[in-house]
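Undergrad: just the structure for this:
(chains A and B)
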Number of protein chains: 2
Amino acid sequence: MTGALATDLYELNMAASYLRREMVGPATFSLFVRNLPPGRGFLVASGLEDCLAFLERFCFDEDELAWLGGTLGFDQPALDAFRRLRFTGEVWAVPEGRVVFAGEPLLEVTAPIAEAQLVETVLLNQVTFHTAVASKAARCRISAGGADLVDFAFRRTHGVDAAMAVARASAIVGFVATSNVEAARRFGLRAAGTMAHSFIEAFGDERAAFRAFAEDYPDRCTFLVDTYDTLGGVRAAIDVIRQLGLRDQLGVRLDSGDLGALAVQTRRLLDQAGLGEVRIFASGSLDEFVIAELIARAAPIDAYGIGTKMGVSADAPYLDSAYKLVAYGDRPVLKLSPEKATAPGAKQVFRAPDAHRELVGLREEPAPEGHEPLLVPVMAGGRRTRPAEGVEAARARFQADLAWLPDRARAIHDPRPVPVAFSERAERLREQAREDVARRVATTR
Amino acid sequence: MTGALATDLYELNMAASYLRREMVGPATFSLFVRNLPPGRGFLVASGLEDCLAFLERFCFDEDELAWLGGTLGFDQPALDAFRRLRFTGEVWAVPEGRVVFAGEPLLEVTAPIAEAQLVETVLLNQVTFHTAVASKAARCRISAGGADLVDFAFRRTHGVDAAMAVARASAIVGFVATSNVEAARRFGLRAAGTMAHSFIEAFGDERAAFRAFAEDYPDRCTFLVDTYDTLGGVRAAIDVIRQLGLRDQLGVRLDSGDLGALAVQTRRLLDQAGLGEVRIFASGSLDEFVIAELIARAAPIDAYGIGTKMGVSADAPYLDSAYKLVAYGDRPVLKLSPEKATAPGAKQVFRAPDAHRELVGLREEPAPEGHEPLLVPVMAGGRRTRPAEGVEAARARFQADLAWLPDRARAIHDPRPVPVAFSERAERLREQAREDVARRVATTR
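TA: Below is the predicted model:
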């Protein structure tokens, strides 16, 4: 449960100052990714459900208020104002599972400015992390072609909660299962897993270990074969499968060495033994690059367990995300900092079916002919406007967007995103706001 | 609260098989980092407190058991065995804050094998993540020389819980404060933070925003000066400081542009205004490399806010960690997989004061003359042998080890770790175990 103190101190400072001055005009903040990391041709929007759950519960409890007063020195009027605070605003967002690009708002909050400011840290945190991981997992999904993918990331994610988010994000982009039992329970995913090297070592003998496992789990026998010598392990698995007459859901797992060469040799041994139905499962330091290479070498691998590199999005562990004030009261707002300048006004993303160009326009402008608006209202008056959804809906959206995504953006090596342009009206507003700000700055100096 | 289902499915499969066969002999698992990531000359042990808290609480609740039976199909004997399970083992570990190297056990668990196996996922997860971040933060601390460092990572860590761990890890290595309010409350850290660009934009006028802030927080006035034009912002801050006669804890924050050049110009403006006591605070995409360059350019920066790149350990977001069975019953154990071979037996790390070479030996062997053993007993019979400790103790250990750490391992560019060797007895045990295993594998084929 994420409480209201899950925030940066400056959010509290600013919120108290706003409340003290009765600055309660509606502010719109826009959450977007400024630039894609190198090696990314698209992003998969994710993290919205956790944001909405956080906003619905947002409030300060008495322990938190006492600490803010006692330790941080907030005065009684500030504490009283915090005590009354709930999130009462509206949220527009790109639904989870949709493909998006740099510069496109993923989420926009409109609320009295103190509320909208206080939730910045958690919203940025959630959307950035979930989207980064979903995008990495999507690339793995693309590179693996028809093979099944299983989330193996739990042991090296950035904490236990991160592991839950990773299982969910990978499920959204089409992973068929996760090793993470709690995530399987929480999100209704399929749990998968068999044995570790320690199991073989504890029995001291591969055949004894495989037989014990087959006795206990005859319906999920994937034998880990590389504890001592991979092909010897495959032969042991073949012996046990034959001796026990095993039939269903059989597999062997390769976890070290040259996976491509070993898969070919393993397939040959299995086929020679008449075990064409036994699947080959590969794991160990996999990512989209390694899988693409294995597939280019025609390695006969049926399923991959993908762990660490997906779970921490190893080559791009964060996104250049921002949560920027774009309107306050009736005034569009922007900042001029070099390389971090922002664009004013509540926005909308318009998607063309031909995928040649995306358009970022103002929310109030009509969609150009044939274009689909990506942001939809998801919260009003601090309450969801649609019920919480499971992984399935997001997965369906990702499937549909993946079919739309052009090859150049899907590419594993040197991808090129769909270009994003500003609409004429958005451009015009930016120019006006820039002039207004420049004038205002000049007159106050 | 991390429950017993926070684990990989294979741990449950294996544990149930062990319990069914009454395989309750003590197993020792060793948790270590196989290789340092490129660009790391040392690691800072971290994550132990969360591991011990998890182990002390470890149990399955009835909801979890019902789900394991109903959805995953574990049978009644397995569920009954799980219901009775607690962690009853012993743990030796390197205390948090100590400097360690690749190949050195950070933590060793000895317990009935099912218990020791089930906790693998969470222990690996916690130690890997906390240690990776503490090590990155330590490099930032080293590069910043005498400047103060503040944790600004919350908005881009891998979730909210990760942000708490990052605040704690950075405090262990000497960061003086965190922007993360909940972490400050939870771990007794100093919270720091002032204002965002949105604050200036909401007022529409830098001077008005600075004046409002100074009115509300006269004791923590760090003015963010780059919303429109950095040096113009500095002049506005100077005007407000003079007009209001501000005196205490004054600063300006630079968040964009060429921080080195801007710091020089800012310092000059402040000094010309007789405001030599106003500190310059820098933020924005900082890490140890950027800070080292700023310091090499003699940028007059008094404090740095370090966020994302530290909080996700951007250049090394994971460690090549492992949790390996090294003994079961009275038998040393190892695996032979290429490049992942393990070394048998419960171990100890012996540190020489001259820092020329570390020795990994067996736990049972005496420390060589003048050497300090790094692993200490922290849990016995499933209970801590020493009270839970705060950040201070770990911070003191890091300070002491940092004074010991040779320059080549501390280097920001191309660091070289202290070499680690195996003791004669550890080598001998490895050779014996390797021969035993080879013989056993040969006879079962």
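Undergrad: A:R242: neighbour count?
TA: 12 (other C-beta atoms under 10 Å in any protein chain shown). The way it works is simple: take the backbone N, C-alpha and C, and place the C-beta from them, glycine included.
Undergrad: hang on, it packs against A:A273?
TA: Yes: using C-beta atoms under 8 Å, A:R242 is in contact with A:A273, at 7.2 Å.
Undergrad: list phi and psi for A:V44.
TA: Torsion angles at A:V44 (phi, psi; degrees, to the nearest 10) stand at phi -110, psi 110.
Undergrad: list the contacts for it?
TA: A:97-100, A:131, A:134-135, A:137-138, A:169, A:172-173, A:398 (C-beta atoms under 8 Å, 6 or more residues apart in numbering or on different chains).
Undergrad: check A:H413 too.
TA: Per C-beta under 8 Å, 6+ apart, neighbours of A:H413: A:289, A:292.
Undergrad: ok so, going back, in helices only, show me the contacts of A:V44.
TA: A:131, A:134-135, A:137-138, A:169, A:172, A:398 (DSSP state H).
Undergrad: read off the pLDDT value for the residue most central in space within chain A.
TA: Nearest to the geometric centre of chain A sits A:H130, at 2.7 Å (C-alpha atoms, centre = their mean). With respect to pLDDT, A:H130 scores 98.
Undergrad: quick one: low-confidence ranges for chain A?
TA: Low-confidence segments of chain A (pLDDT under 70): A:1, A:338-340, A:445.
Undergrad: walk me through the domains of it.
TA: If you go by automatic domain parsing, the domain ranges for chain A are A:9-133+A:316-443, A:193-311.
Undergrad: distance of A:L286 from A:D255?
TA: From A:L286 across to A:D255, the span is 10 Å (C-beta to C-beta, to the nearest Å).
Undergrad: who has more neighbours, these two?
TA: Higher neighbour count among A:L286 and A:D255: A:L286, with 24 against 21, using other C-beta under 10 Å.
Undergrad: report how many residues lie close to A:G188.
TA: Around A:G188 there are 12 residues (other C-beta under 10 Å).
Undergrad: for chain B, what is the nearest residue in the stretch 1-150 of chain A?
TA: A:L9 (3.2 Å; C-beta to the nearest C-beta).
Undergrad: that residue contacts B:A191, correct?
TA: Yes: in terms of C-beta under 8 Å, A:L9 counts as a neighbour of B:A191; the distance is 4.6 Å.
Undergrad: reformat the ones in helices among the contacts of A:V44 into CSV and put distance to chain B and neighbour count next to each item.
TA: What follows is these, written out as CSV (distance: C-beta to the nearest C-beta, whole Å; neighbours: other C-beta atoms under 10 Å in any protein chain shown):
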residue, distance to chain B, neighbour count
A:T131, 11, 26
A:A134, 13, 28
A:S135, 14, 26
A:A137, 14, 30
A:A138, 17, 30
A:A169, 11, 32
A:I172, 16, 29
A:F398, 21, 25
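Undergrad: how about the residues you listed, which pair is most distant?
TA: A:T131 and A:F398 (12.2 Å; C-beta to C-beta).
Undergrad: quick one: contacts for A:R351?
TA: Contacts of A:R351 by C-beta under 8 Å, 6+ apart are A:358, A:371-374.
Undergrad: which of the residues you listed are buried? Put it as a ChimeraX command.
TA: To isolate the buried subset of the contacts of A:R351 in ChimeraX, counting by 16 or more other C-beta atoms under 10 Å in any protein chain shown, use the following:
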select /A:358,371,373,374
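Undergrad: JSON lines for the contacts of A:R351, including distance to chain B?
TA: As requested, the contacts of A:R351 are exported to JSON lines (distance: C-beta to the nearest C-beta, whole Å):
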{"residue": "A:E358", "distance to chain B": "24"}
{"residue": "A:H371", "distance to chain B": "30"}
{"residue": "A:E372", "distance to chain B": "30"}
{"residue": "A:P373", "distance to chain B": "26"}
{"residue": "A:L374", "distance to chain B": "23"}
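Undergrad: which two from the contacts of A:R351 end up farthest apart in space?
TA: Taking C-beta to C-beta, no two of these sit farther apart than A:E358 and A:P373, at 11.3 Å.
Undergrad: start to end distance for stretch A:416-427?
TA: Terminal residues of stretch A:416-427 are spaced 24 Å apart (C-alpha to C-alpha, to the nearest Å).
Undergrad: repeat that for stretch A:190-197.
TA: 23 Å.
Undergrad: so what's the gap between that stretch and the chain middle?
TA: Stretch A:190-197 sits 23 Å away from the centroid of its parent chain (C-alpha atoms, centre = their mean, to the nearest Å).
Undergrad: which positions within it qualify as buried?
TA: Result for stretch A:190-197 [16+ other C-beta under 10 Å]: buried residues A:191-197.
Undergrad: and the helices in the stretch 201-350 of chain A, which stretches?
TA: A:206-216, A:230-244, A:259-272, A:288-296, A:308-311 (DSSP state H, counting those that start in this stretch).
Undergrad: so is the first one next to chain B?
TA: Yes: counting by C-beta under 8 Å from any C-beta of the partner chain, chain B has neighbours in helix A:206-216: A:206-208, A:212-213, A:216.
Undergrad: quick one: which of those is nearest chain B?
TA: A:D216 (4.9 Å).
Undergrad: not counting its neighbours along the chain, what's nearest the closest one?
TA: B:S17 (4.9 Å; C-beta to C-beta, 6 or more residues apart in numbering or on different chains).
Undergrad: contacting residues for that neighbour?
TA: A:199, A:212-213, A:216, B:23.
Undergrad: buried ones in stretch A:232-245, by neighbour count?
TA: Going by 16+ other C-beta under 10 Å, stretch A:232-245 has these buried residues: A:232-241.
Undergrad: now for those residues: which two are most distant?
TA: It's A:G232 and A:I241 that sit farthest apart of these, by C-beta to C-beta, at 15.1 Å.
Undergrad: flag every residue of the stretch 1-150 of chain A that's near chain B.
TA: Residues of the stretch 1-150 of chain A lying near chain B (C-beta under 8 Å from any C-beta): A:2-3, A:5-14, A:16-18, A:20-21, A:23, A:27, A:29, A:64, A:67, A:71-73, A:113, A:117, A:120-122, A:124-126, A:128-129, A:133.
Undergrad: wait, doesn't A:M310 sit right on A:A163?
TA: No: using C-beta under 8 Å, A:M310 is not in contact with A:A163; the gap is 11.7 Å.
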